[in-house]
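Engineer: Sharing a model prediction with you, sequence too.
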Amino acid sequence: MEYPPLVAGHTALFAVHLTTLADFKPVTSDQARVEFTPENDGQPTALAGPQPSRPGAFRVEGAPPAAGRYRWALVLDAPGFSDRHDLGPVQVFADEATANAEAAKRPAEDAAAIAYLKAARPSSQLRPPDASWPRSCHPSAIRSALVPCSRISSRG
């Protein structure tokens with residue numbers, strides 16, 4: 001999942017790439033959504049996207065909730081299966097300047113940051129970001145989380 005620094009009230013685009021690990025085929029049906037739940041409890045906010053634009057490529061677009069810390073999740077409900085990936089804590093910033101300043105502080109060697117992932121590539125061929133990457137593709141500019149679809153469960 002690729003996304004910009006999150007700013008309250010500003011529309012953000014989440015590019016979500018989902019592949020089933022059992023057969024390495026892209027997920028082709030239903031909608032993905034991103035849920036934000038305040039860390040101090042409260043009602044979750046959900047941003048939902050349309051059907052995938054191409055196999056495995058989902059787009060979720062919307063404004064994150066008010067500035068603060070949240071637990072967030074990527075959720076996919078489709079005919080025959082359901083999947084939820086808890087992504088841990090995330091910060092939604094009050095303004096763009098603060099968001100960009102915080103993103104620039106992230107270390108380039110951040111193991112949780114992956115600037116680009118091609119679904120058809122085996123993980124053994126992926127390499128971490130380095131200084132040769134264009135700045136626009138570097139994790140400090142675009143924050144990404146690798147979320148494998150390994151916990152897809154059949155609905156009975």
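Structural biologist: Received, thanks. Numbering: from 1, shown residues only.
Engineer: which residues does residue 32 bridge with?
Structural biologist: Note on residue 32: beta-bridge partners residue 76, judged by DSSP bridges.
Engineer: list the contacts for it?
Structural biologist: Each residue near residue 32 by C-beta atoms under 8 Å, 6 or more residues apart in numbering is listed here: 16, 18, 48-49, 52, 58, 60, 74-76. The C-beta positions use only the backbone N, C-alpha and C, and glycine is treated the same way.
Engineer: mind redoing it with 7 Å?
Structural biologist: Residue 32 makes contact with 16, 18, 49, 58, 60, 74, 76, according to C-beta atoms under 7 Å, 6 or more residues apart in numbering.
Engineer: For the closest residue to residue 60 other than its chain neighbours, give me the pLDDT.
Structural biologist: Nearest non-adjacent residue to residue 60, counting by C-beta to C-beta, 6 or more residues apart in numbering: residue 49, 3.7 Å away. Predicted confidence (pLDDT) for residue 49: 89.
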